[in-house]
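>>> Next one to model:
(2 chains)
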Amino acid sequence: MAIALNQNQELSLKERFFNLNFIFIFILIILAAIGCMTLYSAAGGKMTPWALNQGIRFGLGLVVMLTAALIPPEFYYKTTTIFYLFTLFLLLYVDIAGHRGMGAQRWINLGFFKLQPSELMKVAVVLQLARYFSNTPYEDIRTIRGIIIPVIIVAVPVAFIMIQPDLGTSLMVLFCAAALFYLAGVQWWKFAAAAGAVAAAAPVLWHFLHDYQKNRILTFLNPERDPQGAGYHIIQAKIALGSGGAWGKGYLSGTQSHLNFLPEKHTDFIFTTFSEEFGMAGGIVILLLNLILISYGYWFAFRIHNSNYFGKMVILGLNTNYFLYVFINIAMVIGLLPVVGIPLPLISYGGTVIISVMASFGIMMSFYANRDRELKK
Amino acid sequence: MKKSNEKLRILLKRSLVLFSANIFLFFILVGRLYYLQIYQGEKYAVLADSNRLSTRLLVPPRGSINDRNGVELATNIQNFQALLIAEQTRGSIDNLLQEIAPLLSLSEKDKARIKKDISTHRRFVPVKIKDNLSWNEVAALMINNYRWPGLIIDQGLIRYYPFGKYTAHPLGYVGSVSEQDLQNSDAPLLQVPGFKIGKSGFEKTYDESLRGTEGILKYEVNAYGRIMREIEKTDGIKGSDLDLTIDIRLQKAAFDAFGDEAGAAVVLDVHTGEILAFVSTPAFDPNLFVDGISHKNWNSLRNNEKTPLTDKAVSGQYSPGSTFKIVVALAALEAGIIDEKTTYNCTGRMQLGNHLFHCWRHYGHGKQNLVEAIKNSCDIYFYETALELGIEKIAAMSRRLGLGQVYDLGLENQKSGVIPDKKWKQEKLKAPWQQGETVIAGIGQGYVLVTPIQLVTMLSRVVNGGYAVSPTFIKRKEAAPAEPLGISEKNIALVKQGMFEVVNGTGGTAARAKFKNSDIKIGGKTGTTQVRRISLKERAEGIKKDEDLPWKYRNHAWFMAYAPHDNPRYAVAVIVEHGRSGSGVAAPIASKILEEAIKLDIR
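Numbers count the residues shown, from 1 in each chain, chains lettered A, B, ... in the order given. Have a look, this model is predicted:
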C-alpha cells in the first residue's frame, strides 16, 4: 500500500491540513454556537455581556486548535517534560502568589488573560504519563516499582491543585490519570487497593477539606438541609431543569434563568439554562453531540499508526479529560454529583476552558493528521 | 516485539472498555434527565411557577351606609401617602429628606425611621414617608415633584364618617383586624396589611356585605422580589351599600336636643316601625377609631361617667316609671276591670296590709277617672287598678305591646329588659310573688325594666291603633302589614285621650311638651324613676330635693310622645339619665324632636 510505503515520510502543511477531521471541527462549532445562543438568552436576549465575548473566544480557540493540530506531533513528544515542569512551576507560583478568585487562588493575571495553570496541568500530566508509559516495557508497568514514577508524576501536581484549593480539578486530574494507568495495563487489584486506601484515609481527608467544600458535599447529599443557602443552587437548578419538561419552555422563555432564580446560569449551570428552554430533547442533543466528539476521540486513537503508542495514550487521555468535563458538569447540575465548579466546555461562559479544550483537541488532531506514519522519537 | 504487541493489545482492549463505560455513564445522565424532566416534570413546573408568580389581593371599596334619603353616613375618602423608592432617587437620601422635612413636618425621629426602613428593604421597595397627607402637603410635593425622582404620592381609601358623633350609635366603626378576627374568619382579605374590618354597630353586623369581593392582581417577580410584569388583574367588587331608615336631619336635631345631657331617644314611624332617629348621648367620634384610637382618647371615653361608648337606646335598661301606666290602663280596660267611668279616690296614700303606698302628690289628687289619672299621673289610681288586675295580666299586655323582648335590629348588646310575673320571680329570685310588688309594678317601678327602643315600640303599637309593628333600621321593600293586636279602638282612644290631656290639658303633667312653633297637637306620657331608695327616715324628715343630690343619684327622666294626636305618624321615647323630672327635662327634648319630624315631613 502506498501509505505504508510512506510511513516515515513527513507530511507537508497542506497535506496535514486536509488530513484533519472536518466533521469533528463542525461539531465543535455547533456546540459553541449552542453555547452562544444560550448565553444570548441568559443575558435576557442580548449579545452582551456574554454571547459576543464567547464567540470571539471560540474563534480564538479555533485558531489555537488549528495551530496545535498543524504542529507535527514530534513537537509534543519532545517538549513534554519541559512543559510538565514549567506548568508545575506555574502551579507553585499561584499557590504562593496567585490572585484571589472565587475564594481560591487559581489565576495568573497576564493582563489580557487570566491563566489557570491547573488547566494546563491537565494536559501536561496526560503528556507526561503517555511519555512514561510509551517508553516503559509492559512487564515493568505490571510491577509496583514500575508505577512509582507515574504516581509521583500525578501526585505532585494534584497536591498543588488541592492546596489552591480546587477539589474539582484535582479529582479530574486523578480520574484522568487513573484512566491512563488502566489503559497502560495496570492490574485491577492495584486500583482496588488504591481505592481502599483512599476510603481508609477519607476521614482524615475530610478533616483537611475547607468548610465550603464540606458544605458542598453535605448539601449535595441533602439539598433541603439549607434551602436558602448552599442547597438553593441545587434546588433551583432541579426546578429549572424539571420544569423544562420534554420540549422546554421555548427559546428566551426560561423563567428560572431570566428571573435569576437559577444561580451561575451562564457558567457552571448553563446546561440547566439550556434545558429549561429546550427540555429533555435539547439536553439529549447536547449529550449526543458530545458523545460523537468522544467517539471520534476513540476513533483517532484507534486509527493512528500502531507504533505510535505515545499518540494513542495522549489522545485517549485528553479525550477522557473532555469526557470528564462534560460528565461531571452535567451530573453535578442535575444533582448526581456534588457541585464542584466544573464548567461545561464550549458552552459555559469562560475563556480558559475554551482555549484549553480547543488546544487539547488540536493536539489530538495533530496525531490524527499524521496518522499513517511513525512518531520520530 | 511480542511484548510490545501485548502492550498495544491491552491498550486497545481497555480503550474499548473505557468507551463502553463512557457511553454507559451518558445513559445514566439521560436516565436522570428523564426522571427530572418527564417523570417529575410537572412537579417542577409547579415549583417554577410558584417561584415566579405572586398574587396580591386588591381591597375593594367598602359599601357606604346611607340614610333614608341617600345621604352618606359612612363613606370612603381618599387618603394620600408619600412613598419613596430609594433606587430611583437622585443624590443622597439625607439631602432629599432634609428638603422635604419642612414640607411634611417630619421630625428627626421620622427621618431616622425612614432611613432605617430604606436600609432594611430592597432598594426598589417603596418606603412610606408619611400617611394621611393634607391637601397642602400633597400640593407642596406635587409642585416640586420634578426635583425628587423616586418620591411618589400614592392614594388609598379610608373609612370616613361625615357626621361623626351623630351616627356613632348605631353605625359603629371600623378598625384594624385583630388576632381574634383572624381566628374567627379565614377570609383572605383579612390578611391584607392595613385592611379594616367592622368593629361595632352596623359596621360589624353587616361587615361581610359591606366588605365586597376582593380583586386579584397576579404578577411575575424575579428572584429578588422585584415585580417584572402584571399577568392578570381581576378587579374587586365594591361592597353592597346599606340603606338605613334613619333621616340624618332628624338624627342631628334629636342629638342636639340633648345638649349636655346623657340619654337616648328613638323616633319610630308608628305605622311601619321604621327607625327615623336613633340617638344615644353623649357619643364619640368614630373617625378616631379608624386609624387606631390613642390611649388617651380611649381612656377618656371609657372613664366618662356618662358612658359614651354604651348604646343606651338598646342596652340601657331603666324602670319605665309612669310611662308604664299606659300598659296597665290598657290591660285593665281590655280585662274589663275599669272603664272610662271608673273612679278611685286619691288621698295621697294607700294601705295594703301593714304597708303604706304613697302617691307622688303628697296631698293626693282626689277623685280620679282614667283620663284624669293619666293626665295627672296619679299613682293611687294605678295601685288600685293593678291590685285588682294582677301581675299576670299586666305582664301579658306588656308583651303584647312589645316589651320584654329584643328585636331584629342588627345591633349587638340589645337588652331585653324585664317584665316580671310570678313564674319569673320564682325562677329568678326563688321566692313567691307579693301583692305589694303588683302594686308598685302598676306605676312601672319595682322589677320592671325597659329600654328606650322597647318603650317607643310600645307607644307606637298603642297609637297606631293596635298593630304589632316592630322597629327596624332597614327599609323593607314589601313590608307585610303589621298584625292587629286585637285591642279595642275605644280603649285605645281612651288612653290616647289621657296622653293628649298630659300635654294639652289644664294642669297636665307635661304642658311644656307643647310644640313651640306649630299648632299641631301631640300626646305623651312622663315618667320619673328613682335611682336610689327613699328611706322611711328620709320621708319623715322631708325628701331631699333632687337638685341637691350628686348627678349619679338623681332620678332618670322619661318622656314618650307621639304626633300628630289626631292621626299619629311619629312616636318618640326619650330618656334623660339622672334628668330628675320627665316633664321638666325629657318632655321638651321629645317635643323638639317630634316638631322637627313633623317639619321635615319624613315619609
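
>>> When you work out contacts or count neighbours from here on, use the C-alpha atoms and nothing else.
Noted.

>>> Name the residues of chain A found near chain B, please.
Counting by CA under 8 Å from any CA of the partner chain, the residues of chain A lying close to chain B are A:137-138, A:179, A:182-185, A:238-246, A:255-256, A:258-261, A:279-280, A:283-284, A:287, A:291, A:295, A:298, A:302, A:306, A:309, A:316, A:323, A:327, A:330-331, A:334.

>>> ok, 7 Å please
Contacts of chain A with chain B, taken as CA under 7 Å from any CA of the partner chain, map to A:138, A:183-185, A:239-246, A:256, A:259-261, A:280, A:284, A:331.

>>> Can I get the buried part of the residues you listed as one PyMOL selection?
Written as a PyMOL command, the selection of buried residues from the residues of chain A next to chain B, which uses 16 or more other CA atoms under 10 Å in any protein chain shown, is:
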select buried, chain A and resi 138+183+184+185+239+240+241+242+243+244+245+246+256+259+260+261+280+284+331
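
>>> out of the residues of chain A next to chain B, which are inside strands?
Of the residues of chain A next to chain B, none are assigned to strands by DSSP state E.

>>> Keep only those of the residues of chain A next to chain B that are in helices.
A:138, A:183-184, A:239-244, A:256, A:280, A:284, A:331 (DSSP state H).

>>> Out of those, which comes closest to A:T219?
Closest approach between these and A:T219, by CA to CA: A:A331, at 15.0 Å.

>>> Skip the chain neighbours and tell me the closest residue to the closest one.
A:L337 (5.5 Å; CA to CA, 6 or more residues apart in numbering or on different chains).

>>> go on, B:H578?
Closest to B:H578 by CA to CA, 6+ apart is B:H556, at 4.2 Å.

>>> ok, B:Y166 to B:V290 distance?
According to CA to CA, to the nearest Å, B:Y166 and B:V290 sit 16 Å apart.

>>> When the two are compared, which one has more neighbours?
When B:Y166 and B:V290 are compared for neighbours, B:Y166 comes out ahead with 27 against 20, by other CA atoms under 10 Å in any protein chain shown.

>>> Who are the contact partners of the more buried one?
B:251-252, B:255 (CA atoms under 7 Å, 6 or more residues apart in numbering or on different chains).

>>> Summarise which helices and strands the strand ranked longest in chain B is packed against.
For chain B, the longest strand by residue count, based on DSSP E, is strand B:72-85. Helices and strands touching strand B:72-85, as assessed by 3 or more CA pairs under 7 Å, 6 or more residues apart in numbering or on different chains; DSSP states H and E, comprise strand B:65-66, strand B:126-130, strand B:151-160.

>>> Neighbouring strands - and their directions - for the second one?
In its sheet, strand B:126-130 lies beside strand B:72-85 (antiparallel), with partners assigned from DSSP bridges.

>>> how about the strand it pairs with as PDB, C-alpha atoms only?
The C-alpha trace of strand B:72-85 is given here as PDB (Å, rounded to 0.1, in the frame of the first residue of the first chain):
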ATOM      1  CA  GLU B  72     -73.800  59.000  53.000                       C
ATOM      2  CA  LEU B  73     -73.300  58.400  56.700                       C
ATOM      3  CA  ALA B  74     -70.300  56.200  56.300                       C
ATOM      4  CA  THR B  75     -68.200  56.500  53.200                       C
ATOM      5  CA  ASN B  76     -64.600  56.200  51.800                       C
ATOM      6  CA  ILE B  77     -62.400  59.100  51.200                       C
ATOM      7  CA  GLN B  78     -59.100  59.300  49.500                       C
ATOM      8  CA  ASN B  79     -56.100  59.100  51.700                       C
ATOM      9  CA  PHE B  80     -52.700  60.300  50.300                       C
ATOM     10  CA  GLN B  81     -49.400  59.000  51.400                       C
ATOM     11  CA  ALA B  82     -45.900  59.900  50.300                       C
ATOM     12  CA  LEU B  83     -43.700  57.000  49.400                       C
ATOM     13  CA  LEU B  84     -40.000  56.800  48.400                       C
ATOM     14  CA  ILE B  85     -38.400  54.400  46.100                       C
END
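
>>> list the buried ones in it?
B:72-76, B:79-85.

>>> Same check on stretch A:140-152?
Buried positions in stretch A:140-152, judged by neighbour count with 16+ other CA under 10 Å: A:141, A:146-147, A:150.

>>> Distance from the chain centre to that stretch, please.
25 Å (CA atoms, centre = their mean, to the nearest Å).

>>> now A:L115, nearest residue through space, not along the chain?
The nearest residue in space to A:L115 (CA to CA, 6+ apart) is A:I108, at 4.9 Å.

>>> Next one: the one you found from chain B, what distance?
Distance from A:I108 to chain B, counting by CA to the nearest CA, to the nearest Å: 33 Å.

>>> Am I right that that residue is in a strand?
Yes: assessed with DSSP: H, G, I helix; E, B strand; the rest coil, A:I108 lies in a strand.

>>> can you count the residues close to it?
19.

>>> Test my guess that it contacts A:S118.
No: contact criterion CA atoms under 7 Å: A:I108 and A:S118 do not qualify, at 10.6 Å.

>>> How about the contacts made by B:V192?
So B:V192 contacts nothing (CA under 7 Å, 6+ apart).

>>> what's the pLDDT at A:L337?
Here, the pLDDT recorded for A:L337 equals 87.

>>> go on, B:R229?
83.

>>> again, but for B:K521
On the pLDDT scale, B:K521 gets 92.

>>> That one falls within a helix, correct?
No: per three-state DSSP, B:K521 lies outside any helix segment and is coil.

>>> can you tell me how far it sits from B:P550?
Here the criterion is CA to CA. By it, B:K521 lies 36 Å from B:P550.

>>> neighbour-wise, which of those two wins?
Higher neighbour count among B:K521 and B:P550: B:K521, with 18 against 9, using other CA under 10 Å.

>>> residue contacts, that one?
B:563-565 are the contacts of B:K521 under CA under 7 Å, 6+ apart.

>>> repeat for A:L209
Taking CA under 7 Å, 6+ apart, one finds nothing in contact with A:L209.

>>> How about B:Q368?
Taking CA under 7 Å, 6+ apart as the test, what B:Q368 contacts is B:343-345.

>>> where does it land on pLDDT?
93.

>>> how near is it to chain A?
B:Q368 is 92 Å from chain A, by CA to the nearest CA.

>>> Would you mind listing the buried residues in the strand or helix carrying B:L330?
Assessed by DSSP states H and E, B:L330 sits inside helix B:325-335. Residues of helix B:325-335 classed as buried under the neighbour-count rule (16+ other CA under 10 Å) are B:325-334.

>>> now, among those, which is nearest to chain A?
Nearest to chain A among the buried residues of helix B:325-335 is B:V327, at 76.4 Å by CA to the nearest CA.

>>> Grab the nearest non-local neighbour of the closest one.
B:S398 (6.2 Å).

>>> Kindly report the same for B:I275.
B:I275 sits nearest to B:L268 (CA to CA, 6+ apart), 4.6 Å away.

>>> now do B:F559
B:T526 (4.5 Å).

>>> and what of B:I391?
With sequence-adjacent residues excluded and distances taken as CA to CA, 6+ apart, B:I391 is closest to B:T438, at 5.4 Å.

>>> quick one: secondary structure of the one you found?
Under three-state DSSP, B:T438 comes out as helix.

>>> In this structure it contacts B:A386, no?
Yes: using CA under 7 Å, B:T438 makes contact with B:A386 at a distance of 6.3 Å.

>>> Where does pLDDT dip in the chain?
With no chain named, the answer covers chain A. Counting by pLDDT under 70, chain A shows low-confidence ranges at A:1-8, A:97-105, A:111-112, A:220-230.

>>> Chain B, not that one
Ranges of chain B meeting pLDDT under 70: B:1-4, B:478-479, B:532-547, B:582.

>>> if we go to 50?
B:1 (pLDDT under 50).

>>> residues from it in reach of chain A?
Residues of chain B lying close to chain A (CA under 7 Å from any CA) are B:3-4, B:7, B:10-11, B:14-15, B:29-30, B:33-34, B:36-38, B:40-42, B:44-45, B:47-48, B:222-223.
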